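Peer 1: Quick one, structure for this:
(2 chains)
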Amino acid sequence: MRTFPIGGIHPSDNKEWSKDRAIEVLALPNEVKVPMIQHIGAPSTPIVQKGDKVLTGQLIGQAAGFVSANIHSPISGTVTSVDAYPNGQGQRRIMVVIKREGDEWMEDIDLTPELKRECSLSAEEIIAKVRNAGIVGLGGAQFPTHVKLSVPDGQKAEVLIINGVECEPYLTSDYRNMMERAEMMLTGVEILMRAVKVERAVIGVENNKPDAIAHLRDLIARNNYKGIEVMPLKLRYPQGGEKQLIAAVTGRQVAPPPALPISVGAVVCNVSTAIAVYEAVQKNKPLIERVVTITGKTLGSTHNFLARMGTCVGEIIDLAGGLPEGDVKLLNGGPMMGRAVVDITAPLIKGCSGITVLAGKEAARGTELACIKCGKCVSACPMGLEPYLLSKLAKLQKWDMAEQHNTIDCIECGCCSYTCPSYLPLLDYIRIGKQTVMTNIRARANANKK
Amino acid sequence: MATRLFAAPSPHIHGGENTRRIMGDVVLALLPALAVSTYVLGWRVLFITAVAVCSCVVVEYLIGRFLFKGRTTICDLSAVVTGVLLAFNLPAGIPWWIVVIGSVVAIAIGKMTFGGLGCNPFNPALTGRIFLLIAYPVQMTDWTTGVPDTLSGSTILPTIKYQPELVSQLDFMQMFGGQMNGSMGEIGALALILGGLYLLWRRVITWHIPVAILGTMAIFAACVGAGYGGALIYELPLFHLLAGGALLGAIFMATDYSTSPMTHKGMIIYGVGIGVITMIIRLWGAYPEGMSFAIFIMNAATPLINKYCRPKRFGC
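Peer 2: Next up is the predicted model:
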């Protein structure tokens, strides 16, 4: 069975906590706070003002440039404020606050539940629809999907890879989507294949989800989805990393930055993103809701909710019995790459595939000891880096040496810190080093331009 | 009790591996060899091991407490490992005060001088052993406390080296089971291999260093043997793997984390280096055994190996 070539770890996947929870449609929130930045790139420009009436699916934030994404109203009602509010990390961001009145959708959105498979649009038309719908990578990276689909001149996509790996422990939203909304996803894959003009698509799924693999294979054969294959992958973190997944599926390695996946002929999309693409292209429905896993060993109940963007995270947690007492870590995402949320009034955003709650010992960090040079971080690094060294160089602020040792290759998967027997916060330091080196590189490039 | 949200960068979970568990595994892996040694050489083995372990721990505690003035590091069990390994490198009949001196050298000079665990360039137990070998050559080669065997008064390596005609009396099965003279930990090949397998299973070590060392020694012996026309059994590969400190060194001493390379490629180069140097000393050197010196020399080369044997960068 295939997997990526180097490094990796085997954390317990803890998916049993929420994997059998069918998707529940979350009751509409009475108020949403919609951040104008829910993507990589320039923040969108709000085009509504206090007092404006908006419909569900109406554009409220205009993408500011190519690498940016439109933002739509997740509910219908009245805009009560456009102002800076804290996001999950406590940083103040421009958000549009809407008070709900009923649930009235934009007229052109098709709300019928029937699957609509036929699509005769051209690649350009599909990409335009994806762009208008404000779709970003739903696996967590939030990279605008239309940018990914726009294959640059002179380059050609050979294979579309659909990321159904979900290698993050705990998270099950992609899994539930594959089980319950598989036909929407597969139709989305067909549309994506048209968009990037490829004949072949591979859905990579780790072998801890055998029922999803069987279910998709069955549907593909029964309903004649041409050119789509499901590839089981050996359970190993971080298989869902874009470069790791491409290597696992095609055997080809994307060169170090700034090379992109298209350089080896691959375009990668998440399964949930494929569903969003289906809805945008076939039903004119912008990205205003997503499936989000609410999980954790100490929660009263676990869920997979279909929730509107902008819903208050605290309200969602309350539906799962509220936060446990004592020391708690609330994560936007899973425990390996998720970001800690410190403000529970923060809204649900496009990239949030799950909210994981860790409590007590599970949330604590071990006491830092001396590095014993065991080399476990080197063996675990999926990018072939030397985390112990990069971390030390960042600590000593030796930015030039960190650059020579390719610190910008780091994908921040966390395997090094996870595996360190001395509980060293390796990735914490490497991140600082990586950010500084990237700033230095940009500064050099700007200086050369002048 | 109220809920207290707190933040930290990812990853938010840990694999659960820790230094103490690793060191504990090493101690556990050394127990079969200790048992064989006690059975063959007598209760004094346990006494000497206890003296070495206690002095190592006490020295580390005192230095940590009064010189470093920091949190004591004895809980990580690394001093215990050093103590056991040092004892394993000594003859059972050695006076206890020499063991104490060896422990002080091992921990104080070999380890704490450089900043403690992980910072030492040389294996601390080996530092202690080599110091004693040079300072107390008589006591360090007094094998009278041992099995009354046909080759008594000396260990197999020097005996065969200087009296090759005795080769016909060698019994490999006896060597395998530990019925031979030698340092406390180097007899009992089977027990050492068992310990090594345990460490492999627990992923404390990888196969690269032991296999590289032992493989190189075997090939080297076979080649030299072939060069002499195969007449001398002294060049027999199996003999070299079972005699002296080959197994103890390859499995337990050379695999010490801080003093061995980080990458698998580096580990192979390091292991081959140890194998070659050991065999050169054994075959043509002044000393009958060269394992300690070989590991010591390759310890010195480790930073260089780390510099040139980088892991393969993804996408290149």
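
Peer 1: only C-alpha atoms for contact and neighbour calcs from this point on.
Peer 2: OK.

Peer 1: And residue 58, what's its pLDDT?
Peer 2: Here I'm looking at chain A. Note for A:Gln58: predicted pLDDT of 96.

Peer 1: look at chain B instead
Peer 2: Predicted confidence (pLDDT) for B:Val58: 96.

Peer 1: for the helix ranked longest in chain A, the distance to its chain's centre please.
Peer 2: Ranked by residue count and defined by DSSP state H, the top helix of chain A is helix A:426-449. Centroid displacement of helix A:426-449 relative to its chain, using C-alpha atoms, centre = their mean, to the nearest Å, is 24 Å.

Peer 1: Can you pull out the low-pLDDT segments for chain B?
Peer 2: Applying pLDDT under 70 to chain B flags residues B:1, B:144-154, B:163-170, B:174, B:177-180, B:229-235.

Peer 1: in the chain, which residue is closest to the centre?
Peer 2: Using chain A. Most central in chain A under C-alpha atoms, centre = their mean is A:Gly140, positioned 1.7 Å from the mean C-alpha point.

Peer 1: My question was about chain B, not that one.
Peer 2: Closest residue to the average C-alpha location of chain B: B:Met253 at 2.5 Å, with C-alpha atoms, centre = their mean.

Peer 1: Got the phi and psi for that one?
Peer 2: Here is the backbone geometry of B:Met253 (degrees, to the nearest 10): phi -90, psi -50.

Peer 1: what comes up buried for the longest helix of chain A?
Peer 2: Within helix A:426-449, the residues that count as buried by 16 or more other C-alpha atoms under 10 Å in any protein chain shown are A:426-434, A:436-438.

Peer 1: Also stretch A:109-126?
Peer 2: Under the neighbour-count criterion of 16+ other C-alpha under 10 Å, stretch A:109-126 has A:109, A:123, A:126 buried.

Peer 1: Kindly report the same for stretch A:81-98.
Peer 2: Using 16+ other C-alpha under 10 Å as the test for burial, stretch A:81-98 gives A:81-82, A:85-88, A:93-98.

Peer 1: on that earlier part again, what distance do you get for the residue nearest to the centre of chain A to chain B?
Peer 2: Separation of A:Gly140 from chain B (C-alpha to the nearest C-alpha, to the nearest Å): 14 Å.

Peer 1: Establish whether the longest helix of chain A and chain B are in contact.
Peer 2: Yes - if you take C-alpha under 8 Å from any C-alpha of the partner chain as the test, helix A:426-449 does meet chain B, through A:427-428.

Peer 1: What are the boundaries of the helices in chain A?
Peer 2: So, for chain A - with DSSP H - the helices run A:123-132, A:145-149, A:173-180, A:182-196, A:210-222, A:242-250, A:271-283, A:313-319, A:376-380, A:387-395, A:399-404, A:415-419, A:426-449.

Peer 1: Out of the ones you listed, which one sits most buried?
Peer 2: helix A:415-419 (a mean of 29; mean count of other C-alpha atoms under 10 Å in any protein chain shown).

Peer 1: Counting by contacts, list what that helix packs against.
Peer 2: Packing contacts for helix A:415-419, counted by 3 or more C-alpha pairs under 8 Å, 6 or more residues apart in numbering or on different chains; DSSP states H and E, involve helix A:376-380, helix A:426-449.

Peer 1: For the helix ranked longest in chain B, which residues meet the burial criterion?
Peer 2: Of all segments of type helix in chain B, defined using DSSP H, the longest is helix B:19-41. By neighbour count with 16+ other C-alpha under 10 Å, helix B:19-41 contains the buried residues B:19-20, B:22-38, B:40-41.

Peer 1: Show me what it is in contact with.
Peer 2: Surrounding helix B:19-41, the residues in contact under the criterion C-alpha atoms under 8 Å, 6 or more residues apart in numbering or on different chains are A:421-422, B:44-46, B:75-78, B:80-81, B:84, B:92, B:145-147, B:178-179, B:184-188, B:191-192, B:194-196, B:198-199, B:202, B:204, B:252.

Peer 1: Show me how far it is from its chain's centre.
Peer 2: How far helix B:19-41 lies from its chain's middle: 12 Å, per C-alpha atoms, centre = their mean.

Peer 1: Give the next helix or strand downstream of it.
Peer 2: Per DSSP states H and E, the first helix or strand lying C-terminal to helix B:19-41 is helix B:44-62.

Peer 1: Just list what that following helix packs against, helices and strands only.
Peer 2: Where contact means 3+ C-alpha pairs under 8 Å, 6+ apart, helix B:44-62 is packed against helix B:19-41, helix B:78-88, helix B:96-104.

Peer 1: Near chain A, which residues of the stretch 101-250 of chain B are found?
Peer 2: With C-alpha under 8 Å from any C-alpha as the criterion, the stretch 101-250 of chain B comes near chain A at residues B:117-119.

Peer 1: hmm, try it at 7 Å
Peer 2: Proximity of the stretch 101-250 of chain B to chain A, by C-alpha under 7 Å from any C-alpha of the partner chain, involves residues B:117-118.

Peer 1: what are the ranges of the helices in the stretch 101-250 of chain B?
Peer 2: B:124-135, B:137-140, B:156-162, B:172-177, B:189-201, B:208-227, B:237-242, B:246-247 (DSSP state H, counting those that start in this stretch).

Peer 1: how about those in CSV, adding mean neighbour count and distance to B:Arg310?
Peer 2: Putting the helices of the stretch 101-250 of chain B into CSV (neighbours: other C-alpha atoms under 10 Å in any protein chain shown; distance: least, C-alpha to C-alpha, whole Å) gives the following:
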stretch, mean neighbour count, distance to B:Arg310
helix B:124-135, 22, 26
helix B:137-140, 16, 40
helix B:156-162, 18, 37
helix B:172-177, 16, 38
helix B:189-201, 20, 23
helix B:208-227, 21, 16
helix B:237-242, 20, 30
helix B:246-247, 26, 28
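
Peer 1: how about those helices, which one is nearest B:Leu283?
Peer 2: Nearest to B:Leu283 among the helices of the stretch 101-250 of chain B is helix B:156-162 (7.9 Å), distances taken as C-alpha to C-alpha.

Peer 1: Return the closest one as PDB; C-alpha atoms alone will do.
Peer 2: In PDB, the C-alpha atoms belonging to helix B:156-162 read as follows (Å, rounded to 0.1, in the frame of the first residue of the first chain):
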ATOM      1  CA  ILE B 156      40.400 -15.000  24.900                       C
ATOM      2  CA  LEU B 157      41.600 -12.100  22.700                       C
ATOM      3  CA  PRO B 158      45.100 -11.800  24.100                       C
ATOM      4  CA  THR B 159      45.500 -15.500  24.600                       C
ATOM      5  CA  ILE B 160      44.700 -16.300  21.000                       C
ATOM      6  CA  LYS B 161      46.600 -13.300  19.800                       C
ATOM      7  CA  TYR B 162      49.800 -14.300  21.400                       C
END
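
Peer 1: circling back to that earlier point, quick one: which of the buried residues of helix A:426-449 is nearest to chain B?
Peer 2: Of all the buried residues of helix A:426-449, chain B sits closest to A:Asp428, with 6.6 Å by C-alpha to the nearest C-alpha.

Peer 1: so the spatially closest residue to that closest one that is not a sequence neighbour is in which element?
Peer 2: Excluding the flanking residues, the one nearest A:Asp428 by C-alpha to C-alpha, 6 or more residues apart in numbering or on different chains is B:Pro9, at 6.6 Å. Using DSSP H and E, B:Pro9 sits in no helix or strand.

Peer 1: Count the residues that sit near B:Pro9.
Peer 2: Close neighbours of B:Pro9, defined as other C-alpha atoms under 10 Å in any protein chain shown, add up to 15.

Peer 1: before we move on, back to that, which other residues reach the longest helix of chain A?
Peer 2: With C-alpha atoms under 7 Å, 6 or more residues apart in numbering or on different chains as the test, helix A:426-449 has contacts from A:387-388, A:390-391, A:394-395, A:399, A:402-403, A:407-408, A:412, A:414, A:416-417, B:9.

Peer 1: wait, what's in contact with the closest residue to chain B within the stretch 1-150 of chain A?
Peer 2: Using C-alpha to the nearest C-alpha, A:Pro11 is the residue of the stretch 1-150 of chain A that sits closest to chain B, at 6.8 Å. Taking C-alpha under 7 Å, 6+ apart, we find A:Pro11 in contact with B:Gly15.
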